[in-house]
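Enquirer: how would this look folded up:
(chains A and B)
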There are 2 protein chains.
Amino acid sequence: MPSPVGWLNRRLAELLQAALAPAAVRLELWDGSSPPGAPPAPIGTVVVDDARTLRAVLLNPHLQFGECYVRGTLKVRGSLEPVLEAISRTALTPTWRERLSSALARGNSLQRSRRNVHHHYDLGNDFYSWWLDEQLVYTCAYFERPDMSLEEAQMAKMDLVCRKLRLQAGELVVEAGSGWGALALHMAREYGVNVRAFNLSHEQIAYARARAAREGLAGQVEFIEDDYRSVTGACDAFVSVGMLEHVGLRHFPTLAAVMRRVLRRAHGRGLLHFIGRDVPRPLNAWIRRRIFPGGYAPTLAEVAARVLAPAQLSILDVDNLRLHYARTLAHWSRRFAQAADRVRGRYGEPFQRAWELYLTGSEAAFAAGSLQLFQVVFAPVEATPPYWTRAEVYGGAQADEWYAATR
Amino acid sequence: MPSPVGWLNRRLAELLQAALAPAAVRLELWDGSSPPGAPPAPIGTVVVDDARTLRAVLLNPHLQFGECYVRGTLKVRGSLEPVLEAISRTALTPTWRERLSSALARGNSLQRSRRNVHHHYDLGNDFYSWWLDEQLVYTCAYFERPDMSLEEAQMAKMDLVCRKLRLQAGELVVEAGSGWGALALHMAREYGVNVRAFNLSHEQIAYARARAAREGLAGQVEFIEDDYRSVTGACDAFVSVGMLEHVGLRHFPTLAAVMRRVLRRAHGRGLLHFIGRDVPRPLNAWIRRRIFPGGYAPTLAEVAARVLAPAQLSILDVDNLRLHYARTLAHWSRRFAQAADRVRGRYGEPFQRAWELYLTGSEAAFAAGSLQLFQVVFAPVEATPPYWTRAEVYGGAQADEWYAATR
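Expert: Predicted coordinates for the structure are as follows:
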């Protein structure tokens, strides 16, 4: 028999229900009751199992919603994604707690970066193979056509990056944060470039090297187990897909210095692909604690003013692919749900719930517009931009004509 | 017979020659001599007629190069554009004088804005018709194909803007800063929208109204002689091409408030097209004094953080068209040179020289990368973005398929 709710907890539950009502989400307490103020046609129900959970979520919702969901004392009845998306939509403005947290953010030393990367990316390549596409691309895909599979959309993304950079055979590309190596190998195979790919994850590097050897691309692609701070040499193109989120604002000047040092000035160009924000705001507190320690999704203004401008790089093109990331995450979530038993078997129930919440919550945040996905193309101001019009990137017939006429 | 140069002026001339040498520009003094340090194969020669000019240019080059050029005591031998472009390339970093000037910049009150606009845009529609395209479009064109005429490239630009906004028949568009009305009329004629177009220039408004009446579009397009601050009502799209440069940083919050107020949240979207910078820097001092009082070309970061973020607008797309503006200005310069006698006849020699320098110097600044041209597409974060992929804007075959699949 459930314990009775009591007067104080009823008042607290009313407060929590008032916070959930704009999202049309109903609150249900451990005795099966709902406080007054519940929406008439709720899109889903948040079920709270005890007074401790109620108080924790009310006091620190950004952190405790996740903590209690993982512990199993907070459940969501109805489909999880729409509930999280609706809550995201009602919380698009940073709170005072988030502002404070931004002000107190720690930097990511090399050692801390290694630890952060190990925490997330060294869970075992197996684990990621259960729910990513077959090439293990763990960044936003590009659904060029609506009927594309995840596999096709990841290929389309990699090719889009290459076309935006107008890679030419024989050029040298530096990739900062190379995951399991899919993009580096795609660039080498399809565009004939040489790649130096940097990554801190030991497991990912081992996987990528084996794949390069298997595909006969080991001579063209060098996978280096090291940090972006260690990038040296001179390259024709600098590309980083999904690493900037791990750098942290405080280290943007360091990244700027690296990019300025390595990118050839006369014809160099580069691309940063990263999860961003419309307004400065820390990542969700629970995500930072459990999923991405040290993570920060910057605004375009922060990247423009603190990375690109100090590196004397001109912004040529910015693309916002946030709806593509929502769709990518929906694919991952579906596959992850199919692998739920395997995940629970190897990592336990709380881990499975944590990753379910992380993937679904991320989809919700991109769908609601709380997170953005920016692809930024840039070049040294003295370089000839890689193309005159986007028709050259998006398959317009005049590309070669323009190229001949302007070079 | 020229006056002798003297010891002190020779030393000063050496300093000026040292500043010009990295641009491969030779200095020639009024006695026909050049100081030591002149480049061996100069791309052009700056000829200084007297000691006063030498000293003025040395002390305050950004202002006095223009002042002395207009007065006629500083001449350029060789082609003007390459010389200015080479000088621009050696001066891509703001000087201490520019930083100081930024800190002391005045705001543009409504009264000052009226005066500023009158100064530039009310020179007579005739004057502009001598060297702009036939529709009097006084902003960067878009050379979609390399063989496009200026007329075609201006049409292509207007159409690009409409496609980026995905205008639908019957929608209401607010245009802030409408020039001679070409874009407002294009939107109404080709896309069937209604337009409320705001402009402070009396002469431009009169011209635009007459044209709207002539083309039978007066019922669809309302030209309003007023400031962007006075925009009211609710619109489906907000577009501003070439006005942001006149607003000034200090008034960005006001513009943000206007955009937030008028743009419908559920499906609104907008486009800002403006001359920008890679790093914060005032416009050239001479341009500010003689051509664009109150003008400021902002960085993308300034626009993102001070206009779009406070208005709760998400950046969807940024395009940098700086080489298109260099090409546009080359067209204008060529036509202006053909009209030089007429200009001198009506406005006098110094005016003709000032405008020659302004147009050529602007071409040089865009070619060198000292100025950028940004087109930024944005939407309220809660709105569905106007398109999923750029193929919809650049004529990809899948546009309709996507549209059907995602809405």
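Enquirer: Pull up the residues of the stretch 51-200 of chain A that are close to chain B.
Expert: Within the stretch 51-200 of chain A, the residues that sit near chain B (Cβ under 8 Å from any Cβ of the partner chain) are A:Arg89, A:Leu92, A:Tyr142, A:Phe143, A:Glu144, A:Arg145, A:Pro146, A:Asp147. (Each C-beta comes from the backbone N, C-alpha and C, glycine too.)
Enquirer: helix or strand for the spatially most central residue of chain A, which one?
Expert: In chain A, the residue lying closest to the centroid (Cα atoms, centre = their mean) is A:Ile275, at 5.0 Å. Per DSSP states H and E, A:Ile275 falls inside strand A:269-276.
Enquirer: Could you list the residues in contact with the helix or strand that that strand is followed by?
Expert: Note on strand A:269-276: by DSSP H and E, the next helix or strand toward the C-terminus is helix A:285-286. Applying Cβ atoms under 8 Å, 6 or more residues apart in numbering or on different chains, the contact partners of helix A:285-286 are A:Asn60, A:His62, A:Leu63, A:Gln64, A:Phe65, A:Gly66, A:Glu67, A:Arg97, A:Ser101.
Enquirer: Could you say which helix or strand holds the fourth one?
Expert: Pointing back at A:Gln64 there. A:Gln64 belongs to helix A:61-71 when assigned by DSSP H and E.
Enquirer: next structured bit after that helix?
Expert: Sequence order places strand A:74-77 as the next helix or strand after helix A:61-71, per DSSP H and E.
Enquirer: residues in contact with A:Leu74?
Expert: A:Val46, A:Val47, A:Val48, A:Asp49, A:Thr53, A:Val57, A:Phe65, A:Cys68.
Enquirer: Quick check, the residue in the stretch 51-200 of chain A closest to chain B?
Expert: A:Pro146 (3.6 Å; Cβ to the nearest Cβ).
Enquirer: And the strands in the stretch 101-250 of chain A?
Expert: Per DSSP state E, counting those that start in this stretch, the stretch 101-250 of chain A carries strands over the ranges A:172-176, A:194-199, A:221-225, A:237-241.
Enquirer: and these, which is most packed in?
Expert: strand A:237-241 (a mean of 25; mean count of other Cβ atoms under 10 Å in any protein chain shown).
Enquirer: Run me through the strand neighbours of the strand holding A:Ile275, direction for each.
Expert: strand A:237-241 (parallel), strand A:372-380 (antiparallel) (DSSP bridges).
Enquirer: For it, list the C-alpha coordinates in CSV.
Expert: Extracted in CSV, the C-alpha atoms of strand A:269-276 (Å, rounded to 0.1, in the frame of the first residue of the first chain):
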residue,chain,number,x,y,z
ARG,A,269,39.8,26.4,-45.6
GLY,A,270,38.1,24.5,-42.9
LEU,A,271,34.8,23.3,-41.4
LEU,A,272,33.6,23.1,-37.8
HIS,A,273,30.5,21.0,-37.2
PHE,A,274,29.2,21.3,-33.6
ILE,A,275,26.2,21.3,-31.3
GLY,A,276,25.4,24.9,-30.5
